[in-house]
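1. sequence below, structure please.
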Amino acid sequence: MPIRAILWDVDDTLFDYRTADRAGMSHHLRAEGLAGGFPSAGQALDRWREVTALHWERFSAGETDWQGQRRDRVRSFTGHASLSDADADGWFDRYLVHYEAAWSLFPDALPVLDALAGEYRHAVLTNASIQVQDRKLRTLGVYDRFEAVLCGPELGVAKPFAEAFHRGCEALGLPPGEVLYVGDEPDIDARGAAEAGLTGVWLDRAGAGGRPELIRITGLDQLPALLRGDTRFGASSTFG
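-> Here you go, the predicted model:
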């Protein structure tokens, strides 16, 4: 079956989350007077990424809710395990001001959306909450490019579970075999999509390589040629 639609991941696929997160946290640390609590700014930022990954994994496993993972990230990062919910929320909200000021799309995001706009239908499937992604996509000016924006917390199921991908296909009214999913995580995105019957594409911006079983691209500018070259993806990826 030919590919008729693309389901998109957002963070670190269309939106440069990593850069915005580091820039936002760097400004936040200075504003909060916390930078001196770490040997270097780089180590502080690395610690923030570490606790984010830890508590995001707990959230994905259903061990905590969306707000809970935010609060736990603050408590782990600051070392104040007894911090109240209100104080943790306030700390995170102040961080968000700096983080949102650094929001931007990757340079290849708009060109590929423009290039594929007339040939394929588009929707978003993300594990972040609708409150976050709705605001983000609207602020970045791309919300109206998608027929649907589906978010794990509201769906009640998250990638890489097959049901999450199937819900995306249902929103488009298409069978999985006619839908491609592109995202930056090899397992959560590309492998999860493939196991759910979609065509999964791993956006390997860092050029890590490996994973020969996955269809891999290193930039979104490669996606149109990949789609138009063989919309069924019967041939081996030339980007492997």
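
2. show me the domain layout of the protein.
-> According to automatic domain parsing, the chain comprises the domains 5-16+104-229, 17-101.

3. now do the same contact list for residue 64.
-> Residues near residue 64 by CB atoms under 8 Å, 6 or more residues apart in numbering: 55, 58, 72. Using the backbone N, CA and C atoms, a C-beta is placed for each residue, glycine as well.

4. still on that earlier bit, pick the most deeply packed of the domains of the chain.
-> Stretch with highest mean neighbour count among the domains of the chain: domain 5-16+104-229 (a mean of 19; mean count of other CB atoms under 10 Å).

5. using JSON lines, please lay out the domains of the chain together with mean pLDDT.
-> Below are these laid out as JSON lines (pLDDT from 0 to 100):
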{"stretch": "domain 5-16+104-229", "mean pLDDT": "96"}
{"stretch": "domain 17-101", "mean pLDDT": "89"}
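
6. now the closest residue to residue 120 other than its chain neighbours, what's its secondary structure?
-> Spatially, and ignoring its direct neighbours in sequence, residue 120 is nearest to residue 6 (5.3 Å; CB to CB, 6 or more residues apart in numbering). Look at residue 6: counting by DSSP: H, G, I helix; E, B strand; the rest coil, its state is strand.

7. for residue 23, what are its contacts?
-> Going by CB under 8 Å, 6+ apart, the list of residues near residue 23 reads 98, 99, 102.

8. which helices and strands does the longest helix seen in the chain pack with?
-> Identified as the longest helix of the chain according to DSSP state H is helix 41-60. On a contact count with 3 or more CB pairs under 8 Å, 6 or more residues apart in numbering; DSSP states H and E, helix 41-60 meets helix 17-32, helix 66-78.

9. compute the inter-axis angle for that helix and helix 17-32.
-> Per axes from the mean of the first three to the mean of the last three CA atoms, to 10 degrees, the angle that helix 41-60 makes with helix 17-32 is 120 degrees.

10. any idea how far helix 41-60 is from the chain center?
-> Mean-position distance between helix 41-60 and its chain equals 15 Å (CA atoms, centre = their mean, to the nearest Å).

11. give me the angle between it and helix 66-78.
-> Relative orientation of helix 41-60 versus helix 66-78 (the same axes, to 10 degrees): 150 degrees.

12. residue 206 - that's part of a strand, no?
-> No. Counting by three-state DSSP, residue 206 is located in no strand; its state is coil.
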